[in-house]
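Engineer: What would the 3D arrangement of this be:
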Amino acid sequence: MVLPVAFFALFFAYPVAAIVARGLHVDGVWQFGRIGDVLAESGVRHVLWFTVWQALASTALTLLIALPGAYVFARFEFRGKQVLRAVVTVPFVLPTVVVGTAFLALLGRGGLLDELWGVRLDTTVWAILLAHVFFNYAVVVRTVGGLWSQLDPRQEEAARMLGASRFAAWRKVTLPALAPAVAAAALMVFLFTFTSFGVVQILGGPTFATLEVEIYRQTSEIFDLSTAAVLTLVQFAAVGAILAVHAWTVRRRETALRLVDASVTARRPRGAGQWALLAGVLGTVVLLVVLPLAVLVERSFGAPGFGYYEALTNDDGGIFLVAPIEAVGNSLRYALAATAIAVVIGGLAATALARRGAGRLVRGFDALLMLPLGVSAVTVGFGFLIALDEPPLDLRSSWILVPLAQALVGVPFVIRTMLPVLRAVDTRLREAAAVLGASPWRVWREVDLPLVRRALLIAAGFAFAVSLGEFGATVFIARPDNPTLPVAVARLLGRPGDLNYGQAMALSTILMVVCAVALLVLERLRVPSRAGATGEF
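Structural biologist: As a prediction, this is how the structure comes out:
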């Protein structure tokens with residue numbers, strides 16, 4: 001835990017504490033009375049209520065729509081499965097401003113629904129909820145599906161042989177085993193929707209605002225750091241309470257599970273019911289995921305030929321110091337570095353947290369490591385600029401600053417993806433290997449790694465994806481001569497004109513393709529199964 005603790009303290013707790021202190025510590029005096037003044041405002045209470053309500057509704061709707069998809073990807077084998085799995089993950093790496101723009105083109109004035117049926121959903125909560133499901137669909141599919149694909153189906157089949165119905169066997173055997181993974185996915189979806197910014201700002205209009213939107217407004221438009229600091233503390237309190245409840249409920253449900261190689265659990269659908277389920281999931285993916293992505297591609301070709309793409313290679317000196325296309329290489333380099341950091345930090349933390357003998361201090365740190373998902377990215381970005389500006393932590397001019405900020409968001413995904421699988425490994429396997437003379441490193445390599453390698457690949461894929469699409473903190477620390485793809489897209493969207501809008505859509509399409517190719521490569525990457533490593537377990 002030493003390295004994860006140091007990483008969390010230096011690159012999250014210290015910068016956030018610095019920005020909060022800057023807002024509440026004025027002229028050498030702490031202004032704690034400001035907390036009561038801000039919370040007494042009716043507008044702030046309304047923002048807080050809407051933030052919680054829409055996050056709960058978004059989480060429930062995402063689970064309802066995505067859990068059948070998790071089952072299909074875990075248990076069914078069908079043509080194009082790997083490509084489709086990569087496609088459903090693409091929305092998760094798109095900047096939220098791009099997601100909001102894509103749904104505005106579908107649901108807003110002049111959008112697809114408006115043209116076909118004269119229906120507009122922008123400035124309504126339904127547009128926000130649908131965009132959140134689009135954004136978080138992959139979280140449930142990959143987190144829950146990763147564990148579901150490794151559950152031994154013979155346990156459920158045994159319950160069926162003993163007279164249980166299909167639903168009863170699933171409810172009493174499979175669902176309890178999946179509970180930690182479902183809870184982890186629900187937690188991540190809730191945290192992302194709780195801090196939703198771009199989607200709510202674009203689709204909600206002046207009617208709806210989350211805490212994240214209000215913090216941005218207070219910081220960047222009104223320049224009221226004290227109010228922004230109070231709202232950040234409110235986020236801390238709310239997220240801390242949620243994480244505490246999550247940790248308590250999940251610990252009570254943990255059990256050792258019988259895990260098998262995922263390649264032996266998937267099969268072609270059988271019967272009309274399973275084919276209908278597969279068709280329903282494919283239809284949902286087409287309408288909810290593929291259609292908004294198709295809008296992005298269509299808008300990127302709005303100019304004759306490849307006009308918008310050709311314009312990306314030109315530097316007009318107005319927005320960037322370099323040609324916008326250079327953001328592609330910057331994003332890939334930053335994302336690879338951030339993925340390496342997140343896998344090391346998150347893997348170490350998950351390994352420590354998975355031990356049955358871990359004390360309360362270690363288990364409590366599990367909740368703290370999730371805080372970066374529930375704290376305003378605006379606060380983290382400003383905190384980096386304020387705190388990391390003096391030796392020995394003067395990193396403002398260093399390229400590593402961006403990967404560090406991106407890794408903060410990737411680490412929780414690594415932990416939440418690997419932890420349910422690591423905790424499901426029967427400790428007797430490790431003990432037997434140790435009795436036979438294996439060192440701790442060999443026990444990890446010969447016992448744990450064969451069972452968790454799939455979860456490790458999924459975790460690396462998530463870390464890479466969220467690093468590619470991270471925007472909130474990166475926009476404040478990315479240098480003008482080294483912009484990332486999300487920063488470049490946001491800056492282009494912020495300027496008027498069809499050319500800037502078209503270039504933003506072209507860059508978004510490139511980001512989408514880069515992510516899809518990277519995830520497809522990851523899907524095809526397989527560590528060869530070792531005889532007995534999974535089948536005998």
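
Engineer: Identify the residue nearest the geometric centre of the protein.
Structural biologist: The centroid of the chain falls nearest to residue 466 when counting by C-alpha atoms, centre = their mean (5.8 Å).

Engineer: what about the longest helix in this structure?
Structural biologist: Identified as the longest helix of the chain according to DSSP state H is helix 42-75.

Engineer: what's downstream of it, the next helix or strand?
Structural biologist: helix 81-93 (DSSP states H and E).

Engineer: quick one, that following helix and helix 42-75 angle?
Structural biologist: Interaxial angle, helix 81-93 versus helix 42-75 (axes from the mean of the first three to the mean of the last three C-alpha atoms, to 10 degrees): 170 degrees.

Engineer: Pull helix 81-93 out as PDB, backbone CA atoms only.
Structural biologist: Listed next in PDB are the C-alpha coordinates belonging to helix 81-93 (Å, rounded to 0.1, in the frame of the first residue of the first chain):
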ATOM      1  CA  LYS A  81     -18.600 -10.100 -30.900                       C
ATOM      2  CA  GLN A  82     -15.100  -8.600 -30.400                       C
ATOM      3  CA  VAL A  83     -15.700  -5.700 -32.700                       C
ATOM      4  CA  LEU A  84     -19.100  -5.000 -31.000                       C
ATOM      5  CA  ARG A  85     -17.500  -5.100 -27.600                       C
ATOM      6  CA  ALA A  86     -15.000  -2.500 -28.700                       C
ATOM      7  CA  VAL A  87     -17.700  -0.400 -30.200                       C
ATOM      8  CA  VAL A  88     -19.800  -0.200 -27.100                       C
ATOM      9  CA  THR A  89     -16.700   1.000 -25.200                       C
ATOM     10  CA  VAL A  90     -16.000   3.900 -27.600                       C
ATOM     11  CA  PRO A  91     -18.600   6.300 -26.100                       C
ATOM     12  CA  PHE A  92     -16.900   6.000 -22.700                       C
ATOM     13  CA  VAL A  93     -13.700   7.700 -24.000                       C
END
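
Engineer: Kindly spell out which helices and strands sit in contact with it.
Structural biologist: Under the contact criterion of 3 or more C-beta pairs under 8 Å, 6 or more residues apart in numbering; DSSP states H and E, helix 81-93 touches helix 42-75, helix 125-148, helix 271-285, helix 291-300, helix 449-469, helix 498-524. In short, each C-beta sits where N, CA and C put it, glycine included.

Engineer: could you check the angle helix 291-300 makes with it?
Structural biologist: Orientation check (the same axes, to 10 degrees): helix 81-93 against helix 291-300 gives 70 degrees.

Engineer: tell me the mean pLDDT for helix 81-93?
Structural biologist: Mean pLDDT, helix 81-93: 81.

Engineer: again with stretch 507-518
Structural biologist: 79.

Engineer: Once you drop chain neighbours, what's closest to residue 7?
Structural biologist: Excluding the flanking residues, the one nearest residue 7 by C-beta to C-beta, 6 or more residues apart in numbering is residue 345, at 5.1 Å.

Engineer: That neighbour contacts residue 3, doesn't it?
Structural biologist: Yes: under the criterion of C-beta atoms under 8 Å, residue 345 makes contact with residue 3 at 6.4 Å.

Engineer: Touching the helix or strand in which residue 212 is found from outside, list them.
Structural biologist: Element membership of residue 212 [criterion: DSSP H and E] is helix 211-216. For helix 211-216, the external contacting residues (C-beta atoms under 8 Å, 6 or more residues apart in numbering) are 44, 47-48, 51, 194-197, 200-201, 204, 228, 231-232, 234-235, 376-379, 472.

Engineer: Would you mind checking those residues for buried ones?
Structural biologist: Buried members of those, counted by 16 or more other C-beta atoms under 10 Å: 44, 47-48, 51, 194-197, 200-201, 204, 228, 231-232, 234-235, 376-379, 472.

Engineer: now the helices for the stretch 351-500 of the chain?
Structural biologist: Using DSSP state H, counting those that start in this stretch, the helices of the stretch 351-500 of the chain run over 360-368, 371-374, 377-387, 401-424, 427-435, 440-443, 449-469, 474-477, 485-493, 498-524.

Engineer: got the CA coordinates for stretch 97-112 in CSV?
Structural biologist: In CSV, the C-alpha atoms belonging to stretch 97-112 read as follows (Å, rounded to 0.1, in the frame of the first residue of the first chain):
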residue,chain,number,x,y,z
VAL,A,97,-19.0,17.8,-24.5
VAL,A,98,-18.9,15.6,-27.6
VAL,A,99,-21.5,13.3,-26.1
GLY,A,100,-23.7,16.2,-25.4
THR,A,101,-23.3,17.6,-28.9
ALA,A,102,-24.0,14.2,-30.5
PHE,A,103,-27.3,13.8,-28.6
LEU,A,104,-28.2,17.5,-29.3
ALA,A,105,-27.9,16.6,-33.0
LEU,A,106,-30.3,13.6,-32.4
LEU,A,107,-32.7,15.1,-29.9
GLY,A,108,-32.5,18.9,-30.3
ARG,A,109,-33.7,21.5,-32.8
GLY,A,110,-33.1,20.2,-36.3
GLY,A,111,-32.1,16.8,-35.0
LEU,A,112,-33.1,13.4,-36.2
